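[1] sequence below, structure please.
(2 chains)
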Protein chains: 2
Amino acid sequence: MPSSDRITVRRGAEHALYEGAEILRILEAGLVAHVAAQTKDGPLVLPMAYGVHENFMYLHGALANALLKSSTDSEICATVTIVDGLVLAKTAFNHSMNYRSVVIRGSGRVVTDRHEQMVALRAITDHVAPLWDTTRELTENEIRATRVVALPLTEMSAKIRSGGATNDPEDADIPFWSGHVPITSRFGDPIQNSDALGEMPAVVARLSGLDAYNRQET
Amino acid sequence: MPSSDRITVRRGAEHALYEGAEILRILEAGLVAHVAAQTKDGPLVLPMAYGVHENFMYLHGALANALLKSSTDSEICATVTIVDGLVLAKTAFNHSMNYRSVVIRGSGRVVTDRHEQMVALRAITDHVAPLWDTTRELTENEIRATRVVALPLTEMSAKIRSGGATNDPEDADIPFWSGHVPITSRFGDPIQNSDALGEMPAVVARLSGLDAYNRQET
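    Alright, predicted model coming up:
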């Protein structure tokens, strides 16, 4: 059941999901969130890295980041979308895409507690792969220069569409092709910086060839 | 030069682009836009298919679509993002992603002129591949059930980041690996619906193996 009216899916309600574990799987699989806040110039939506820890989505940015400034103690929306394919019906009216998406609405809270800041920054860094332990520690200045915002995973819903096209029964006999075209995203081989020192960490080497939106072998 | 203050890129300004042709290339390459509007319950951002024709981004949805309803004659923001890879620095502070993104801000206009409606629906349908001519024509009821919204391509900016990590000069000698991991998305083989009739259109067959975010051979 949806936890609030404002995250209840109206269109395509048959694809809606409100169960936490299923929503978390999509949040784990995604790479960026599109985060919207209302600014003095109207709504603004920007792509952001994110992490999930316990009951929060964590976002971060420079102190001067206008979107995160606007999100403080005000309503924001974070949407994570993975496009899985094109859906081609017999008519453009029934064309669609296969996708997994999560919409989270809530009030952004600036994280000021040092322990929670570090938990959040680690969750963001480790979101795609556990990279935190193979980098040097953050300096005091780096931590102070970073704004961390927590968005509670309370009001959220997901939509998942998969499989072939849904054609109208009246279109059954019209002579048009129909089907779907999957999209798969993969990590390529890591490319080393000229200033890299030491061995490529195993957690990085392991990414090569993995599905970028599941971090699994395909 | 940015066309307005509110689409001027503040953070990472060295990655900003304001030139129309370069922005259009990203819009052509993208698959979905994340569209934000201010609703009575706060900002809402949803993924949407889109098309571009002349000086407009076109969006469409059912008449009941709450986001498109909210976007009528009010400020919206549409952001198209393509994630091209992970950027791994010597410290998490300098981690980043490689990406191409476009942010468009403006007022949504509901399209009521029949000619512009059809131009818009064709632009949306043909955005990924020219599919319009291989589907049956839309019925009068289907057209009436669809809301088309035009967003002017006037106030927009892009950011592109590519290549390796930017490490601090002070980190040059610390023994940590650094580099980047490309992400490539590809269309797989089309999967035919059980109710498909006739041959798979050549424009669909040609998608197989193409880069999904460039629609080109890689």
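[2] any idea whether A:Leu44 is helix, strand or coil?
    strand (DSSP: H, G, I helix; E, B strand; the rest coil).
[3] quick one, the longest strand that chain A contains and strand B:75-88 angle?
    Ordering each strand of chain A by length in residues (DSSP state E) puts strand A:75-88 first. Interaxial angle, strand A:75-88 versus strand B:75-88 (axes from the mean of the first three to the mean of the last three CA atoms, to 10 degrees): 80 degrees.
[4] sheet-wise, list the partners of strand A:75-88 with their directions.
    strand A:33-39 (antiparallel), strand A:96-107 (antiparallel), strand A:179-187 (antiparallel) (DSSP bridges).
[5] how about these in TSV, adding mean pLDDT and mean neighbour count?
    Quick note: C-beta positions are derived from backbone N, CA and C, even for glycine. Output for these, formatted as TSV (pLDDT from 0 to 100; neighbours: other CB atoms under 10 Å in any protein chain shown):
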stretch	mean pLDDT	mean neighbour count
strand A:33-39	95	27
strand A:96-107	97	22
strand A:179-187	98	20
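[6] please enumerate the helices of chain A.
    Along chain A, counting by DSSP state H, helices occupy A:20-29, A:66-70, A:114-125, A:140-144, A:202-205.
[7] nearest to A:Val45, of these?
    The minimum distance between A:Val45 and those falls on helix A:66-70, with 8.4 Å, by CB to CB.
[8] show me where pLDDT drops low in chain A?
    Scanning chain A with the threshold set as pLDDT under 70 gives A:217-218.
[9] may I see the domains of it written out as residue ranges?
    A:5-183, A:185-218 (automatic domain parsing).
[10] distance to B:Gln117 added to those, as JSON lines?
    Shown next, in JSON lines, are those (distance: least, CB to CB, whole Å):
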{"stretch": "domain A:5-183", "distance to B:Gln117": "12"}
{"stretch": "domain A:185-218", "distance to B:Gln117": "33"}
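[11] please identify the most buried of the ones you listed.
    Burial of the domains of chain A is given as mean neighbour count (mean count of other CB atoms under 10 Å in any protein chain shown); domain A:5-183 ranks first at a mean of 19.
[12] ends of that domain, what's the gap?
    33 Å (CA to CA, to the nearest Å).
[13] residue nearest the centroid of chain A?
    Centroid check for chain A by CA atoms, centre = their mean gives A:Val80 as the closest residue, at 3.3 Å.
[14] in contact with the residue nearest to it when sequence neighbours are not counted, which residues are there?
    The shortest distance from A:Val80 to any non-neighbouring residue, by CB to CB, 6 or more residues apart in numbering or on different chains, is to A:Gly30 (3.8 Å). Contacts of A:Gly30 were listed using CB atoms under 8 Å, 6 or more residues apart in numbering or on different chains, and they are A:Tyr50, A:Val80, A:Thr81, A:Ile82, A:Val102, A:Tyr213.
[15] for B:Thr135, state which of those residues is nearest.
    Of all these, A:Thr81 has the smallest distance to B:Thr135: 24.7 Å, by CB to CB.
[16] you'd agree that closest one is up against B:Leu31?
    No - counting by CB atoms under 8 Å, A:Thr81 does not reach B:Leu31; the two are 9.6 Å apart.
[17] picking that back up, now the helices of chain A in a markdown table, with distance to B:Gly108?
    What follows is these, written out as a markdown table (distance: least, CB to CB, whole Å):
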| stretch | distance to B:Gly108 |
| --- | --- |
| helix A:20-29 | 28 |
| helix A:66-70 | 20 |
| helix A:114-125 | 32 |
| helix A:140-144 | 40 |
| helix A:202-205 | 43 |
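[18] got CSV for the ones you listed, with distance to chain B too?
    Output for the helices of chain A, formatted as CSV (distance: least, CB to the nearest CB, whole Å):
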stretch, distance to chain B
helix A:20-29, 12
helix A:66-70, 6
helix A:114-125, 4
helix A:140-144, 4
helix A:202-205, 6
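[19] out of those helices, nearest to B:Leu17?
    Of all the helices of chain A, helix A:66-70 comes closest under CB to CB, at 18.6 Å.
[20] how close does the residue lying closest to A:Ser101 once chain neighbours are set aside sit to B:Gln216?
    Closest residue to A:Ser101 apart from its sequence neighbours, by CB to CB, 6+ apart: A:Thr81 at 4.3 Å. A:Thr81 is 23 Å from B:Gln216, where distance means CB to CB, to the nearest Å.
[21] on that earlier part again, for the residue nearest to A:Val80, phi and psi?
    For A:Gly30, the backbone dihedrals (degrees, to the nearest 10) come out as phi -70, psi 160.
[22] do the same with A:Ala64
    On the backbone of A:Ala64 - angles per degrees, to the nearest 10 - the values are phi -80, psi -10.
[23] I'd say it and B:Ala13 touch.
    No - between A:Ala64 and B:Ala13 there is no contact under CB under 8 Å: 11.2 Å.
[24] leaving out chain neighbours, which residue sits closest to the residue lying farthest from the centre of chain A?
    Distance from the C-alpha centroid of chain A peaks at A:Asp173, with 39.9 Å (CA atoms, centre = their mean). Closest residue in space to A:Asp173, ignoring its immediate chain neighbours: B:Leu197 at 7.4 Å, by CB to CB, 6+ apart.
[25] go on, A:Asp73?
    What sits nearest to A:Asp73 in space, not counting adjacent residues and going by CB to CB, 6+ apart, is A:Ser107, at 6.3 Å.
[26] contacting residues for the one you found?
    Going by CB under 8 Å, 6+ apart, A:Ser107 touches A:Asp73, A:Ser74, A:Glu75, A:Ile76, A:Leu151, A:Pro152.
[27] pull the most distant pair out of those.
    A:Ser74 and A:Pro152 (13.8 Å).
[28] ok, now which ones touch the closest residue in space to A:Arg136 that isn't next to it in sequence?
    Setting aside the residues directly before and after it, A:Arg136 is nearest to B:Thr91 in space (CB to CB, 6+ apart), at 4.9 Å. Counting by CB under 8 Å, 6+ apart, B:Thr91 touches A:Thr135, A:Arg136, A:Glu137, A:Leu138, A:Glu142, B:Asn167, B:Asp168, B:Asp171, B:Phe176.
[29] B:Ala145 versus the closest residue to the last one other than its chain neighbours, what's the distance?
    This points to B:Phe176. By the measure of CB to CB, 6+ apart, the closest residue to B:Phe176 outside its immediate chain neighbours is B:Lys90, 4.1 Å from it. Distance check for B:Lys90 against B:Ala145: by CB to CB, it reads 55 Å.
[30] then A:Leu68?
    Here A:Leu68 is placed at a distance of 39 Å from B:Ala145 (CB to CB).
[31] my read: A:His95 touches A:Ala89, true?
    Yes - proximity of A:His95 to A:Ala89 meets the contact threshold set by CB under 8 Å, at 5.3 Å.
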